[in-house]
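1. no FASTA, just this:
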């Protein structure tokens, strides 16, 4: 589904804001200003004719703060209460998946995961040395010798990368090994590290909607420790579009609060296993965040270890937002962009796309993959159902816009 990555962030007075692909600015010299609390935004209204409102989401690389900054960004902290007995209670699993049965189980999860989570601070240049920018994000340690997994957008354009391990005040130097901007994954290496605590990788294939999850990260670069939020898996296999033209598919949707600075941090199940890497939030909704499924990241990580980075290339574009069809295979169209190839071919809201050329479409993820296998300018046959009737449309795919 198309997502416009444009999150309303707190604006600093100086320096100028970062470029869209670079780390967000962050002033470390001054403590974050405490913004006034604003009422939560009203849910976006549906468009006439039942067209779903366009999604607005944000890459959550870093918080923007500074002296005199205005605005409000809030986060929901996990309940850290519970007796010593409940904190020692084992994390249980129900027939419906991973479940946190006691408040104290959150401490059990944190004790296992937090030693392998790191703060990331970056320095970059915008318009030359007179416009330095600083950013903050999160990462997870995947090997004892200092390999750290994070988002590509956290370290994009960085000329300096510093990492703080949990509980350490002294920053360590790190270097970029490689980045895959198409999938928003990067691997960095902490210089001279050894015997580090690592996170345990789980399997995103095992999670189900309704499973309990916990997000850990450097939200707003707040001092005094990581921000911890708790929620559930709200949906699976979501597809969103970024401003740079990349498409993220197969995402885990969660209502565990994710804020600027959480990018690259872990989404973990009740067993304390990493099942996703937090990457984006919906800027016009409440508690709708997205994480890259860890099973998608594992093979990418092997490629990154070779030191070869990949960058975004122009991608084919149909111009529809879709969601899983109700009870049947297919991708139900919930929005059609004005002037897009889909609009020109007469595809409308409510149509269920079931095929693209010779590829059967079972869900939005398979539609995204099928389109991604083509190049801009390719002419394809889209097969869809409308009011029970099977139809086809010849569509010349466009180039995904960058804005």
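-> Right, received. Where do you want to start? Since we're looking at a predicted model, the values are computed, not measured. Numbers count the residues shown, from 1 in each chain.

2. low-scoring stretches of the stretch 151-300 of the chain, by residue?
-> Along the stretch 151-300 of the chain, segments meeting pLDDT under 70 span 241-246, 283-285.

3. If we go by neighbour counts, what in the longest strand along the chain is buried?
-> For the chain, the longest strand by residue count, based on DSSP state E, is strand 227-241. For strand 227-241, the neighbour count (16 or more other C-beta atoms under 10 Å) marks 227-234, 236-241 as buried. Just so you know, the C-beta spots here come from the backbone N, C-alpha and C atoms, and that holds for glycine as well.

4. Reformat the residues you listed as a markdown table; add distance to residue 252.
-> Below are the buried residues of strand 227-241 laid out as a markdown table (distance: C-beta to C-beta, whole Å):
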| residue | distance to residue 252 |
| --- | --- |
| 227 | 19 |
| 228 | 18 |
| 229 | 14 |
| 230 | 15 |
| 231 | 11 |
| 232 | 11 |
| 233 | 6 |
| 234 | 8 |
| 236 | 6 |
| 237 | 9 |
| 238 | 7 |
| 239 | 12 |
| 240 | 12 |
| 241 | 17 |
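
5. Please identify which pair of the residues you listed lies farthest apart.
-> Farthest apart among the buried residues of strand 227-241 by C-beta to C-beta are 228 and 241. That separation is 29.6 Å.

6. on that earlier part again, so what are the sheet partners of the longest strand of the chain and their directions?
-> Strand pairing for strand 227-241, using DSSP bridges, gives strand 212-217 (antiparallel), strand 247-254 (antiparallel).

7. Any stretches of the stretch 1-150 of the chain with poor pLDDT?
-> Checking the stretch 1-150 of the chain against pLDDT under 70 turns up 1-98, 101-104, 125-132.

8. And stretch 308-327, what's buried?
-> For stretch 308-327, by 16+ other C-beta under 10 Å, it's 309-310, 312, 315-325.

9. Endpoints of it, how far apart?
-> 42 Å (C-alpha to C-alpha, to the nearest Å).

10. same question for it, mean pLDDT?
-> Across stretch 308-327, the average pLDDT comes to 81.

11. so what's residue 120 bridging to?
-> Beta-bridge partners, per DSSP bridges, of residue 120: residue 137, residue 163.

12. ah, wrong one, I meant residue 187
-> Going by DSSP bridges, residue 187 forms beta bridges with residue 149, residue 178.

13. Just the buried residues of the biggest helix by length in the chain, please?
-> The residue-count maximum for a helix in the chain (DSSP state H) belongs to helix 294-304. For helix 294-304, a neighbour-count test (16+ other C-beta under 10 Å) marks 294-297, 300-301, 304 as buried.

14. Of all pairs in those residues, which one is the farthest apart?
-> So, those by C-beta to C-beta: farthest apart are 295 and 304, at 15.7 Å.

15. Roughly how far does residue 318 sit from residue 362?
-> According to C-beta to C-beta, to the nearest Å, residue 318 and residue 362 sit 16 Å apart.

16. Now do the helices in the stretch 251-400 of the chain.
-> 294-304, 341-344, 364-372 (DSSP state H, counting those that start in this stretch).

17. circling back to that earlier point, now flag whichever of the buried residues of helix 294-304 is closest to residue 163.
-> For the buried residues of helix 294-304, the closest approach to residue 163 (C-beta to C-beta) belongs to residue 304, at 16.7 Å.

18. Quick one: residues contacting the closest one.
-> 177-180, 185-187 (C-beta atoms under 8 Å, 6 or more residues apart in numbering).

19. Considering these, which is situated nearest to residue 273?
-> Nearest to residue 273 among the contacts of residue 304, with distances taken as C-beta to C-beta, is residue 185, at 18.1 Å.

20. Nearest residue to that closest one in space, please, no chain neighbours.
-> residue 300 (5.2 Å; C-beta to C-beta, 6 or more residues apart in numbering).

21. The one you found is in contact with residue 183, isn't it?
-> Yes - using C-beta atoms under 8 Å, residue 300 makes contact with residue 183 at a distance of 5.7 Å.
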